[in-house]
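Asker: Fold the following for me, if possible:
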Amino acid sequence: MQRVIVTGGLGFIGSHVVDALVAQGRDVTIIDSMVAAVTDGREYEDSGCAVHRLSVADFLAGGGSFAGADLVVHAASHVGPAGILRHQGTLGADIVNTTQLVVEQCLAHDVALVCFSSAEVYGRSGFLQESDDLIVPVRYNARLEYAIAKALTEAVTINSRHRGLRGLVIRPFNVAGPRQSRAGGFVMPTFVQQALAGRPLTVFAGGEQQRAFLSAVDLARFITDHLDAALESGAPIFNLGNPANSTTVWGLAERIVQRLGSTSPIEHADARAIHGPLYEEAESFQKLPVLEAAVAVGWEPRIDLDALIDETALYYRMRKDARDAEAAPLDAGARV
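Answerer: Residues are numbered from 1 along each chain as shown. Below you'll find the predicted structure:
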């Protein structure tokens with residue numbers, strides 16, 4: 001699969017996928033609306049990538065096509081527990097409609113598809129595996145709108161296999177690493193940037209939430225090194241995560257302070273005072289991936305939590321957050 005289109009290719013996950021594809025000499029086309037971009041893409045143009053800075057819908061409406069591509073990696077989406085809030089009410093339609101356009105183009109031109117979903121679809125806590133039922137809580141909010149939309153994109157992708165689509169779904173668990181912006185409300189870049197600046201690390205909802213952090217580099221390697229086996233396996237959904245990197249949010253804060261030699265205190269904070277009244281915590285208090293499908297095709301995560309913290313810190317020692325202007329100030333927080 002030499003010719004690859006990456007939607008959302010200037011976003012956090014998408015840009016790491018592009019990095020991995022370019023490193024293997026693939027011919028990459030990027031389509032990105034710039035809504036959640038973490039790079040302007042000039043470095044990819046310098047590497048020979050075609051970069052289209054517009055939405056998938058606008059790309060296609062302007063005469064663009066997926067014809068001639070071997071693979072589409074569909075990573076375009078609104079993202080982040082804080083980043084999705086301003087899109088509440090249109091969020092679900094945006095995610096589903098864009099995915100439907102992508103699926104139809106892949107079917108029309110016989111292009112393989114990797115569609116990114118989210119671990120948010122599970123709607124519950126615990127060890128989560130691909131065969132589990134999805135639970136839809138009864139309280140509607142932006143986070144649930146996002147989860148329902150992602151579940152529907154899974155159904156569209158998987159059901160379209162009966163229409164001839166060669167496709168699969170990835171459910172990533174708490175992906176982190178260099179370039180990830182705190183503007184989306186993501187905990188790793190927020191804590192790292194606060195620690196580097198000597199600001200208090202702001203922990204929400206008690207900090208006992210358990211997460212398993214996956215390096216974006218490990219995730220991208222699934223696509224570059226294991227996708228052929230994944231498609232041949234026939235499995236429709238692949239959890240990608242790193243159970244060995246499991247920690248509580250408070251434990252992550254302590255670890256970051258220690259790793260970076262920071263003098264920052266760690267404080268309990270009111271998330272709604274920082275991100276607004278629409279902010280909600282995830283339904284999954286404990287979000288841990290079971291990796292049966294991915295391990296069966298030869299993939300496993302390699303980058304441990306300390307290395308992931310170090311890589312993120314190194315990036316932000318040298319660069320400013322690309323979406324800093326959209327993010328809450330580093331010292332924002334109401335103690336609880």
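Asker: give me every residue that touches the closest residue to residue 314 other than its chain neighbours.
Answerer: Excluding the flanking residues, the one nearest residue 314 by C-beta to C-beta, 6 or more residues apart in numbering is residue 178, at 7.4 Å. Using the backbone N, CA and C atoms, a C-beta is placed for each residue, glycine as well. If you count contacts by C-beta atoms under 8 Å, 6 or more residues apart in numbering, residue 178 has them with 216, 311, 312, 314, 315, 316.
Asker: so where's the protein uncertain?
Answerer: 1, 333-336 (pLDDT under 70).
Asker: Just the element for residue 72, please.
Answerer: strand 71-74 (DSSP states H and E).
Asker: Okay, buried residues for the helix or strand hosting residue 191 please.
Answerer: Residue 191 belongs to helix 187-197 when elements are defined using DSSP H and E. Within helix 187-197, the residues that qualify as buried are 187, 188, 189, 190, 191, 192, 193, 194, 195, 196, counting by 16 or more other C-beta atoms under 10 Å.
Asker: Which helix or strand lies directly C-terminal to it?
Answerer: strand 201-204.
Asker: CA atoms only for that following strand, dumped as PDB, please.
Answerer: Only the C-alpha atoms of strand 201-204 are listed here, as PDB (Å, rounded to 0.1, in the frame of the first residue of the first chain):
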ATOM      1  CA  LEU A 201      -0.700  20.300  38.100                       C
ATOM      2  CA  THR A 202      -4.500  20.400  38.100                       C
ATOM      3  CA  VAL A 203      -6.200  17.000  38.800                       C
ATOM      4  CA  PHE A 204      -9.900  16.600  38.200                       C
END
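Asker: how near is residue 91 to residue 80?
Answerer: 12 Å (C-beta to C-beta, to the nearest Å).
Asker: And for residue 108?
Answerer: 32 Å.
Asker: Tell me which of the two has more neighbours.
Answerer: Neighbours were counted for residue 108 and for residue 80 using other C-beta atoms under 10 Å; residue 80 has more, 20 against 11.
Asker: and the closest residue to that one other than its chain neighbours, what does it touch?
Answerer: Spatial nearest neighbour of residue 80, excluding adjacent residues (C-beta to C-beta, 6+ apart): residue 184 at 2.2 Å. Applying C-beta under 8 Å, 6+ apart, we find residue 184 in contact with 36, 79, 80, 81, 82, 83, 323.
Asker: could you dump these to TSV with distance to residue 267?
Answerer: As requested, those are exported to TSV (distance: C-beta to C-beta, whole Å):
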residue	distance to residue 267
36	28
79	26
80	21
81	19
82	18
83	23
323	23
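Asker: Buried among those? Make that a ChimeraX selection.
Answerer: Buried subset of the contacts of residue 184, written as a ChimeraX selection, criterion 16+ other C-beta under 10 Å:
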select :36,79,80,81,82,83,323
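Asker: Please identify which of the contacts of residue 184 is nearest to residue 233.
Answerer: Ranked by distance to residue 233 (C-beta to C-beta), those are led by residue 79 at 27.5 Å.
Asker: Surely the closest one touches residue 11?
Answerer: Yes - applying C-beta atoms under 8 Å, one finds residue 79 in contact with residue 11, separated by 6.9 Å.
Asker: Touching both of those two, which residues are there?
Answerer: Common neighbours of residue 79 and residue 11 (C-beta under 8 Å, 6+ apart) are residue 36.
Asker: Would you check that residue 67 makes contact with residue 109?
Answerer: Yes - in this structure, residue 67 is within contact of residue 109 by C-beta under 8 Å, at 4.7 Å.
Asker: Of those two, which one has the most company?
Answerer: residue 109 (13 against 10).
Asker: Pull out the buried residues from stretch 158-166.
Answerer: Result for stretch 158-166 [16+ other C-beta under 10 Å]: buried residues 158, 160, 165.
Asker: ok, and the closest non-adjacent residue to the first one?
Answerer: Counting by C-beta to C-beta, 6+ apart, the nearest residue to residue 158 once its immediate chain neighbours are dropped is residue 236, at 4.6 Å.
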